[in-house]
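Asks: I'd like to go over a predicted model; first the sequence, then the structure.
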Amino acid sequence: PSDWASLPKHLLDSVLEKLASLSDYLRFSIVCKSWYYVAKDNQIQRAKMTAPMLLICANKRDTWNLYSIVDDKVFDLQLSVPNKRYCGSSFGWLIAVEKNFAITLINPFLRVKGRRKKKNSIIRLPSMRLPPSNSERRRWSRQCNHYVFKATMSADPIADAEDCIVVVIYREFCQMAFIRLGKAATWTYIDTGVDRLGTLIHEVTNVEDKFYAVDQKFRLLSFGVTAESNPNVQVVACMTRRPALSKRYLVYSIEKELLMVIRYVAYDGGKRSTVGFLVFELNFDKPEWVAKDNLGDDVALFVGDTSSVTLPASKSGCLSNCIYFIHDNDGQAYDIDRRYHLDFGVYNVKSKTISQPYTSHAKSLVEMTGYEPVWVKPTLNL
């Protein structure tokens, strides 16, 4: 038709469904006013289908590059966020620790260099409990980026502030704490001593109204956060074999499955490389972990210690039955040289092979960065 602006909404909705690239989606939104409103109406659903992008520090003050795996390009725009290690990435927000042990939430997409920064692009949370001794405080203040090993959120802190709970794994003994945005002025510290020797938490994720965590013994723990009192932590399932030289990720999939992804690594002269993955699904009825030999014909999985997500491959433009991984913190050392960020790629679950479908530009940026790259889900603000 000659009048593109008058196309029926149901046809425009169908067009949007077929656009895997976020760039194409944004181009769609600027065709005309009617197309813009259709894109705006679909942006929440679209954000759920959009693949994470890779945030890569440019080694310039407060400057990060954004790489799209789907578009296979480094975007021209740069994001203005502090140069530091980020311990979490949820709903498009980065989570970081300050020198006073306060937690900060930063939305990098609201802080594009050359544009006015949005006033709600940074949310400052209260300081966490200080280390008990002066010597520990001095040590951790020098390594504050690592005071929290992992952090996650249950909801968007702006759009769903009433339901937003931030959970962190902190200090070298890997304990947990949480805070409810807008409802608490202090952190609540979780007693994870499910046995007399205590437990070290390695991973945590949100599943509907509960949080699930995995400890050093590969036990799955669960707890609800319904009040400010200390939640009751329960052991849900155990894994009989405990793989050495491995890292574990918890992922709540698009098919509403709780997955534990085990990443096997090898070391050669200080260089780490991923050699394979195993994926397990929790059978909630028994409960027990059941091995999976594939993710599904239309599932792509992204893992990293800041966040791990699954997506429909066909709608996101990703490779199906594949695990996208980046080099993250395995707790082996805090002060590591730049060559330590070489462990990234894509693992095909069916063929058990690893490829690196990154442009030479993106690969060189990752190899040269002084900070761990971060998976971040783009937020649309049309």
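Replies: Yep, that arrived. Residues are numbered from 1 along each chain as shown.

Asks: alpha carbons only for contacts and neighbour counts from here, please
Replies: Will do.

Asks: Break down this structure into its helices, ranges please.
Replies: In the chain, the helices defined using DSSP state H lie at 9-17, 22-29, 33-41, 43-49, 134-142, 313-316, 360-368.

Asks: buried stuff in the fifth one?
Replies: It refers to helix 134-142. 137, 140-141 (16 or more other Cα atoms under 10 Å).

Asks: okay if I get the residues you listed as JSON lines plus distance to residue 68 and pLDDT?
Replies: Compiled in JSON lines, the buried residues of helix 134-142 are given as follows (distance: Cα to Cα, whole Å; pLDDT from 0 to 100):
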{"residue": "137", "distance to residue 68": "39", "pLDDT": "86"}
{"residue": "140", "distance to residue 68": "34", "pLDDT": "88"}
{"residue": "141", "distance to residue 68": "34", "pLDDT": "85"}
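
Asks: Columns distance to residue 181 on top of these, output as a markdown table?
Replies: Output for the buried residues of helix 134-142, formatted as a markdown table (distance: Cα to Cα, whole Å):
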| residue | distance to residue 181 |
| --- | --- |
| 137 | 26 |
| 140 | 25 |
| 141 | 25 |
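
Asks: tally of neighbours for residue 147?
Replies: By other Cα atoms under 10 Å, 24 other residues sit near residue 147.

Asks: so what pLDDT did it get?
Replies: Per-residue confidence (pLDDT) for residue 147: 92.

Asks: Just to check, residue 157 is in contact with residue 179?
Replies: No - when contacts are counted by Cα atoms under 8 Å, residue 157 is not listed as touching residue 179 (11.8 Å).

Asks: if we can go back for a sec, most tightly surrounded among the helices of the chain?
Replies: Comparing these by mean neighbour count (mean count of other Cα atoms under 10 Å), helix 313-316 ranks first with a mean of 21.

Asks: Let me know the average pLDDT across that one.
Replies: Per-residue pLDDT values across helix 313-316 average out to 84.

Asks: Export only the CA atoms of that helix, formatted as CSV.
Replies: C-alpha atoms of helix 313-316 as CSV (Å, rounded to 0.1, in the frame of the first residue of the first chain):
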residue,chain,number,x,y,z
ALA,A,313,16.5,-19.2,19.5
SER,A,314,14.3,-18.5,16.5
LYS,A,315,12.8,-15.2,17.9
SER,A,316,16.1,-13.9,19.4
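
Asks: low pLDDT regions in the stretch 201-350 of the chain?
Replies: Low-confidence segments of the stretch 201-350 of the chain (pLDDT under 70): 227-229, 330-341.

Asks: For residue 225, give its distance to residue 240.
Replies: Residue 225 sits 28 Å away from residue 240, going by Cα to Cα, to the nearest Å.

Asks: let me redo that: residue 352
Replies: 23 Å.

Asks: before we move on, back to that, between residue 225 and residue 240, which has more neighbouring residues?
Replies: Ranked by neighbour count (other Cα under 10 Å), residue 225 and residue 240 place residue 225 first, with 17 against 10.

Asks: Was I right to think the more buried one contacts residue 208?
Replies: No - using Cα under 8 Å, residue 225 is not in contact with residue 208; the gap is 11.0 Å.

Asks: which residue packs closest to the residue most central in space within the chain, ignoring adjacent ones?
Replies: Central residue of the chain (Cα atoms, centre = their mean): residue 307, 1.7 Å from the mean position. Among residues not flanking residue 307 along the chain, residue 89 sits closest, at 5.5 Å (Cα to Cα, 6 or more residues apart in numbering).

Asks: what sits against that neighbour?
Replies: Listed by Cα atoms under 8 Å, 6 or more residues apart in numbering, the contact set of residue 89 reads 95, 151-152, 306-307, 374-377.
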